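Undergrad: Quick one: sequence and predicted model below, then my questions.
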Amino acid sequence: MAKPHSVDLSGLFTEATRVRDNSPLKSLTKYMEADSQLVSLGAGLPHPSTFPFAQIGARVAPAGASVANTAPADMLNVYVTTLPGAVEGLGKFLQYGNGRGVPSYAAFTHEHTQRVHDPKYSDWDTVVSLGNTDAFVKALMLFCSSGDTLLVDEWTYPAIIGTVVPMNVQLAPIHMDGEGMVPEALDDVCTSWTGERKLRMVYTIPTAQNPTGATMSIERKRAIYAVAQKHNLVIIEDDPYYYLQFEPYVAPSGTERYTNLPGIKNLVPSLLSLDTDGRVIRLDSFSKVLAPGLRCGWVTAPKYITDKIQFHNETSIQQPAGVSQAIVASLMNDQWGHAGWERHLVQIQREYAMRRDVFVDLCLKHLNGLVEFTVPDAGMFLWFRVLLRPELQSQTGVMQRVFDSMVANHVLLVPGYMFSPKGAEQKVRDEPYIRAAFSFAATTDFEVAITRLAQALAPFC
């Protein structure tokens, strides 16, 4: 059965988005691509013969293995030369681009999106980004400008706060529970809204939410989507931790853990996969599953929206760095393929599941009576509520004293107020929350860190 066309939400565009168009110079590229006989005297491009690079590449672990556990002789050679093969040659990767990405890189992200999310409308497309922070800015500017309000989780990623505040975009926090944003709370805020400007957009991190670690079930996602339909909202689905899902925590019992990792086939379906209208702008990134320094990602949305992001790219980033695109495109097309990519994701899931379990085991051992937390089923974070003594709970500046105590005990966690859309007012600063990341520190340092945290918290609990 043919898929329906997306609903046209361009009426919600900002004025800047309405007038944003294809770069005049970039619009001429289509003539060069369509006519192999054409001699271009129009393009002000540097000649590829002046590029001093004959080959760009990397030594990469086989799919499903880590560098630490792979012998040098078993490493894969991922490289691109001046001669095209399964991917384009360096003359293409190192040249100016059109804002949509080098075709072999863009094609892989498009194919992957089809295989994993299978969007429910016909005119969906993908466009490249420098990762999800870059993609967020461009998605936000499609529908929000100075004086507008963005709906967000009551605790959210600080870079989002730092992006919107200078733009004079206001933030409306929505209550959360153990699964993230509460749909009834979102509906209440939208229904009772009395602001001068209409609400148009909601931002959420549905998997392993930063900072709380909460992951939405498919039922929760359906409910959030229904509220968005009711109030005609566009959803930014920021999902950098989507592939870092794993099994629920099980206390140590002698049985083997990590036997049912989801891979790709058993991930919780995305909001994009439920989207029949084309109101979800999904942000994906290689940062958490390959390396953040690559600065490579992609956005999925209806084509009339990805076109606008392409036009924005053409006057800002152009496209992700050609070197990064070359390595990712060669890795995915020449070496791993989609099957290898999934084996790699399972290996990443196993690593973070192991880290989560070791960390939680130690928290249960050392932090009893000091903090409360929900064990996450995905991601990199634990969100602690510090169990302050009753006489300290209303004391001004108490969480600053807790932070100072942590630093004095040589352990660092992030104060909760840094994730608050309400700003750094004193009431928010005294909310008894701190975020721990189990993603970076060596697992051999976990117990040292957690015992230090226990010592830091003990005088307050």
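TA: Alright, I've got the coordinates. Numbering: from 1, shown residues only.

Undergrad: correct me, but Ala408 touches Pro459?
TA: No - in this structure, Ala408 is not within contact of Pro459 by C-beta atoms under 8 Å, at 10.8 Å. Glycine gets a C-beta too; all of them are placed from N, C-alpha and C.

Undergrad: All the strands of the stretch 351-461 of the chain, in order from the start?
TA: Per DSSP state E, counting those that start in this stretch, the stretch 351-461 of the chain carries strands over the ranges 371-372, 381-386, 414-415, 433-437.

Undergrad: wait, isn't Ile281 in contact with Lys308?
TA: No - using C-beta under 8 Å, Ile281 makes no contact with Lys308, being 10.6 Å away.

Undergrad: more neighbours, those two?
TA: A side-by-side neighbour count of Ile281 and Lys308, using other C-beta atoms under 10 Å, places Ile281 first with 29 against 24.

Undergrad: Quick one: low-confidence residue ranges for the protein.
TA: For the chain, residues meeting the criterion pLDDT under 70 lie at 25-27, 254.

Undergrad: May I ask you to name the longest helix in it?
TA: In the chain, with assignment by DSSP state H, the single longest helix is helix 337-366.

Undergrad: quick check, Ala172 in a strand?
TA: Yes - under DSSP: H, G, I helix; E, B strand; the rest coil, Ala172 falls within a strand.

Undergrad: Double-check it against Asp153; I have them as touching.
TA: No - with contact defined as C-beta under 8 Å, Ala172 does not count as touching Asp153 (10.6 Å).

Undergrad: burial measure for the closest residue to Ala441 other than its chain neighbours, as a count.
TA: For Ala441, ignoring the flanking residues on the chain, the nearest one in space by C-beta to C-beta, 6 or more residues apart in numbering is Ala449 at 6.3 Å. By other C-beta under 10 Å, the residues close to Ala449 number 22.

Undergrad: Relative to Val407, how far out is Ala449?
TA: Between Ala449 and Val407 the computed distance is 13 Å (C-beta to C-beta, to the nearest Å).

Undergrad: which neighbours do these two share?
TA: Applying C-beta atoms under 8 Å, 6 or more residues apart in numbering, one finds that no residue jointly contacts Ala449 and Val407.

Undergrad: Point me to the helix or strand that includes the residue most central in space within the chain.
TA: Centroid check for the chain by C-alpha atoms, centre = their mean gives Pro240 as the closest residue, at 2.5 Å. If you go by DSSP states H and E, Pro240 is not part of any helix or strand.

Undergrad: Would you agree it is in contact with Ser287?
TA: Yes - using C-beta under 8 Å, Pro240 is in contact with Ser287, at 6.0 Å.

Undergrad: Name the residues contacting each of these two.
TA: Joint contacts of Pro240 and Ser287 (C-beta under 8 Å, 6+ apart) are 131-132.

Undergrad: does Ser23 belong to a helix or a strand, and which?
TA: Per DSSP H and E, there is no helix or strand for Ser23.

Undergrad: And the helix or strand where Lys138 lies, what does it pack against?
TA: Using DSSP H and E, Lys138 falls within helix 132-143. Contact here means 3 or more C-beta pairs under 8 Å, 6 or more residues apart in numbering; DSSP states H and E; on that basis helix 132-143 packs against helix 15-19, helix 158-164, strand 201-204, strand 234-238, strand 280-285, strand 297-302, helix 303-314.

Undergrad: Can you report how many residues neighbour the closest residue to Pro292 other than its chain neighbours?
TA: Closest residue to Pro292 apart from its sequence neighbours, by C-beta to C-beta, 6+ apart: Gly131 at 7.1 Å. Using other C-beta under 10 Å, Gly131 is surrounded by 22 other residues.

Undergrad: Gly131 contacts Gly297, correct?
TA: Yes - at 4.5 Å, Gly131 counts as touching Gly297 under the criterion of C-beta under 8 Å.

Undergrad: and for these two, which residues touch both?
TA: 285-287.

Undergrad: Leu45 and Val87, how far apart?
TA: 20 Å.

Undergrad: quick one, which of these two is more surrounded?
TA: Each of Leu45 and Val87 has its neighbours counted (other C-beta under 10 Å); Val87 has more, 23 against 11.

Undergrad: so who does that one touch?
TA: Contacts for Val87 (C-beta under 8 Å, 6+ apart) come out as 80, 102, 104-105, 326, 329-330, 333-334.

Undergrad: any idea which element it lies in?
TA: Here Val87 is assigned to no helix or strand, by DSSP H and E.

Undergrad: about what we covered before: who's in contact with whatever helix or strand comes next after the helix holding Lys138?
TA: Next in sequence after helix 132-143, counting helices and strands by DSSP H and E, comes strand 149-153. By C-beta under 8 Å, 6+ apart, the residues outside strand 149-153 that reach it are 140, 144, 160, 164, 169-174, 176, 180-181, 186, 189-190, 195, 197, 199, 201-205, 209, 212, 233, 421.

Undergrad: Can you point out the buried residues in stretch 377-393?
TA: Neighbour-count burial for stretch 377-393, counted by 16 or more other C-beta atoms under 10 Å, picks out 377-384, 386-388, 392.

Undergrad: nope, stretch 88-107 is what I was after
TA: Residues 88, 90-107 are the ones in stretch 88-107 that count as buried (16+ other C-beta under 10 Å).

Undergrad: which stretch among the strands of the stretch 351-461 of the chain comes nearest Val250?
TA: strand 381-386 (16.5 Å; C-beta to C-beta).

Undergrad: List the neighbouring strands of the closest one plus their orientation.
TA: Strand 381-386 has the following strand partners under DSSP bridges: strand 371-372 (antiparallel), strand 433-437 (antiparallel).

Undergrad: Select, out of these, the one closest to Leu76.
TA: Closest to Leu76 of those, according to C-beta to C-beta: strand 433-437, at 29.8 Å.

Undergrad: before we move on, back to that, top of the shared contacts of Gly131 and Gly297 by neighbour count?
TA: That'd be Ser285 among the shared contacts of Gly131 and Gly297, by other C-beta under 10 Å, with 26 neighbours.

Undergrad: For that one, name its beta-bridge partners.
TA: The partner list for Ser285 in beta bridges (DSSP bridges) reads Gly297.
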